[in-house]
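Asker: here is my input; please provide its structure:
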Amino acid sequence: MYQEEYKRWLAADLEDADLKPELTKIQGNDDEIKERFAVSLKFGTAGLRGILGAGTNRMNIYVVRQATQGLANWVKTQGGTQTVAVSYDSRLKSDVFAKTAAGVLAANGIHVRIYDALMPVPALSFATRYYNCNAGIMVTASHNPAKYNGYKAYGPDGCQMTDDAAAIVYEEIQKTDVLNGASYISFAEGVERGLIRFVGDDCRNAFYAAIEERQVRPGLCKTAGLKLVYSPLNGSGLVPVTRVLNDIGITDITIVPEQEYPNGYFTTCSYPNPEIFEALELGLKLAEESGADLMLATDPDADRVGIAMRCPDGSYELVSGNEMGVLLLDYICAGRIEKGTMPERPVAVKSIVSTPLADAVAAHYGVELRSVLTGFKWIGDQIAGLEAAGEVDRFIFGFEESYGYLAGPYVRDKDAVIASMLICEMAAYYRSIGSSLKQRMEEIYAQYGRYLNKVDSYEFPGLTGMDKMAGIMQNLREHAPAEFAGHKVEKITDYKNTAETGLPSANVLIYTLEGGASIVVRPSGTEPKIKTYFTTLGKDLAEAQAQKDALTEALRPLLA
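Answerer: Residues are numbered from 1 along each chain as shown. Modelled structure (predicted):
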């Protein structure tokens, strides 16, 4: 079957000149052909993601056309403005895929609003809402290595597409022949017909204004003298992040020169992920040389931000996503109470795999903290619920441990632009009162206990990877461990059991252990890996770390 499909592609008159040489090169190589054609990239709630190249299991203009035709078929049943917003980041072929998608939508009589240059995920979410669109498309593979690209689909609320809508789109995709089933006109023709228009300055300026309105202490940054090193990691953050920081008065910004401009090859770090040290290395070096207060890095689609803070001894320390989530929650609560801008019955939201330290901080300030499934769309879902009840202003902050933050309901996905602004404002504030981010974090630990949160990943590559992962999860359910490293399991929460959790079904297991520690096990939704999240609580860091190490060793054989 896959050999037949391969031959069909090989014989076709392909428009992308890069595909034919790749197809010719793998002639006679069954493994390589199978890898590209045995399956198709699956369209889920996170859209598509895959390696660039030829075939149904790769990202290319034909797979993008097919997916967009599926989306167009769904949009046509939705009424409304019959408009879709489109944005893209700096990845290889991102601009090509964005214009390809626009061409399919226009050929289907659907209006398109597309950014005239790369812009991040939050800007796409904002434009989707601003223009009252039926859907949004963001061409990105987030923080994956350079050989990947992808396609995220958004619903009319600017939140990632719901499971129900994604299932319909997937059904429509399967009815569409990948090579010639999609209607398509060129981007130029779509523009000439008035179906494709660029996003206007009014929309961009409204996006920046919505972010700047969320300052906790407006005007503070103008006099604080904060020194910043920033890296957009060759992605889409450069323009929006520097624009907002300049607007609020942070002007002493040194950009990491090798990572300043868009470059889809990500030549300075193989994995442009601000969660990992290698991505921040060049920025850290620059911070040390210039004595900066803070070093920030946003990922290619600028929905996540990683941070290194300056310690009193002049060294720099990476701040985890959990720690930054807690610092921001603490800062927003304290600042808004002080300024009299805290809404009544405030709500914050975090994912179930994020630190329980946030629960303690929220309780201290009288804030309701809701825990939702992993994936920022579930945080968006909580905002939508408040909005439907006419109480959207109650939402003050949402975060995930994987470096995603949002303050305010103006978009429905994580936003590294507002996160960068608030982190800089917070650092400037602590600097202005003779403190620092590091000092505040230590005060929080002293007040609530020394929590340690660590994530380990186990990779399962290849076509059999997903089956192995399914087998491991099944085994954990059928043979539930009674203890880990001598710590008795007090409770197992299985998120497949919706009656027990009150949340939608998810393939997640949480083990609550005697003494306050917990382990979360979940397969990634976008990559062939199982992630394990550990929370330990000790009298100091060494004790919490020792406990985490013991739990890792106890869990490892069960994931082999």
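Asker: and the gap between D163 and F395?
Answerer: Computed with CB to CB, to the nearest Å, the distance linking D163 and F395 is 22 Å. Backbone N, C-alpha and C define where each C-beta goes, glycine included.
Asker: compare those two (neighbour count), which wins?
Answerer: Neighbours per residue (other CB atoms under 10 Å) separate D163 from F395, with F395 holding more: 23 against 11.
Asker: in the sheet, who's paired with the more buried one?
Answerer: In this entry, F395 is beta-bridged to V347, by DSSP bridges.
Asker: wait, it touches I332, no?
Answerer: No. Judged on CB atoms under 8 Å, F395 makes no contact with I332 at a distance of 11.2 Å.
Asker: where do the helices sit along the stretch 251-400 of the chain?
Answerer: In the stretch 251-400 of the chain, the segments counted as helices under DSSP state H, counting those that start in this stretch are 277-290, 321-339, 357-364, 376-388.
Asker: which residues are in contact with P240?
Answerer: Neighbour list for P240: 119-120, 123, 207-208, 302, 417 [criterion: CB atoms under 8 Å, 6 or more residues apart in numbering].
Asker: pLDDT score assigned to it?
Answerer: P240 is assigned a predicted lDDT (pLDDT) of 98.
Asker: and the one helix or strand it maps to, how far out from the chain middle?
Answerer: Using DSSP states H and E, P240 sits in helix 238-248. Taking CA atoms, centre = their mean, to the nearest Å, one finds helix 238-248 lying 20 Å from the centre of the chain it belongs to.
Asker: ditto for stretch 22-39
Answerer: 32 Å.
Asker: hmm, who's touching that stretch?
Answerer: When contacts are defined by CB under 8 Å, 6+ apart, stretch 22-39 is touched by residues 1-3, 5-6, 9-10, 53-58, 463.
Asker: any buried residues in that stretch, and which?
Answerer: 22-23, 26, 32-38 (16 or more other CB atoms under 10 Å).
Asker: confidence score at P528?
Answerer: Predicted confidence (pLDDT) for P528: 86.
Asker: can you pull out the helices in the stretch 1-150 of the chain?
Answerer: Going by DSSP H, counting those that start in this stretch, the stretch 1-150 of the chain shows helices at 2-11, 19-25, 30-37, 61-75, 94-107, 121-130.
Asker: any idea how far C221 is from the closest residue in space to L437 that isn't next to it in sequence?
Answerer: Residue nearest to L437 in three dimensions, not counting chain neighbours: M309, with 4.3 Å by CB to CB, 6 or more residues apart in numbering. Separation of M309 from C221 (CB to CB): 17 Å.
Asker: can you check Q382 too?
Answerer: Distance from Q382 to C221, counting by CB to CB: 29 Å.
Asker: cool, R477 as well?
Answerer: For R477, the distance to C221 (CB to CB) stands at 50 Å.
Asker: which one's more surrounded, those two?
Answerer: C221 (23 against 13).
Asker: now the more buried one. Its backbone dihedrals?
Answerer: Note on C221: backbone dihedrals following degrees, to the nearest 10 are phi -70, psi -20.
Asker: how far is stretch 432-441 from where the chain is centred?
Answerer: With CA atoms, centre = their mean, you get 28 Å for stretch 432-441.
Asker: now do the end-to-end distance for that stretch.
Answerer: 16 Å (CA to CA, to the nearest Å).
Asker: thinking again about what came up before, ranking the helices of the stretch 1-150 of the chain by burial, who's on top?
Answerer: Mean neighbour count (mean count of other CB atoms under 10 Å) peaks for helix 121-130 among the helices of the stretch 1-150 of the chain, with a mean of 28.
Asker: now do the strands in the stretch 51-200 of the chain.
Answerer: Assigned by DSSP state E, counting those that start in this stretch, the stretch 51-200 of the chain shows strands spanning 83-88, 111-114, 135-139, 148-154, 196-198.
Asker: give me the angle between the longest one and strand 135-139.
Answerer: Angle, strand 148-154 to strand 135-139, by axes from the mean of the first three to the mean of the last three CA atoms, to 10 degrees: 170 degrees.
Asker: in stretch 132-146, what counts as buried?
Answerer: Neighbour-count burial for stretch 132-146 [16+ other CB under 10 Å]: 133-144, 146.
Asker: got phi/psi on P557?
Answerer: When read as degrees, to the nearest 10, the backbone of P557 gives phi -60, psi -30.
Asker: now A546, nearest residue through space, not along the chain?
Answerer: Spatial nearest neighbour of A546, excluding adjacent residues (CB to CB, 6+ apart): G538 at 7.6 Å.
Asker: beta partners for the one you found?
Answerer: Beta-bridge partners recorded for G538 (DSSP bridges): R450.
Asker: right, and it touches G516 too?
Answerer: No. Contact criterion CB under 8 Å: G538 and G516 do not qualify, at 9.6 Å.
Asker: who has more neighbours out of these two?
Answerer: Counted by other CB under 10 Å, G538 and G516 do not tie: G538 has more neighbours, with 19 against 16.
Asker: related to what we said a few turns ago, tabulate the contacts of P240 (a markdown table), appending pLDDT and distance to E317.
Answerer: Listed next are these as a markdown table, based on pLDDT from 0 to 100; distance: CB to CB, whole Å:
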| residue | pLDDT | distance to E317 |
| --- | --- | --- |
| M119 | 98 | 31 |
| P120 | 98 | 26 |
| A123 | 98 | 31 |
| F207 | 98 | 32 |
| Y208 | 98 | 31 |
| A302 | 98 | 23 |
| V417 | 98 | 24 |
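Asker: follow-up on the earlier one: could you dump the helices of the stretch 1-150 of the chain into JSON lines with distance to Y154 added?
Answerer: Output for these, formatted as JSON lines (distance: least, CB to CB, whole Å):
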{"stretch": "helix 2-11", "distance to Y154": "30"}
{"stretch": "helix 19-25", "distance to Y154": "28"}
{"stretch": "helix 30-37", "distance to Y154": "28"}
{"stretch": "helix 61-75", "distance to Y154": "10"}
{"stretch": "helix 94-107", "distance to Y154": "12"}
{"stretch": "helix 121-130", "distance to Y154": "5"}
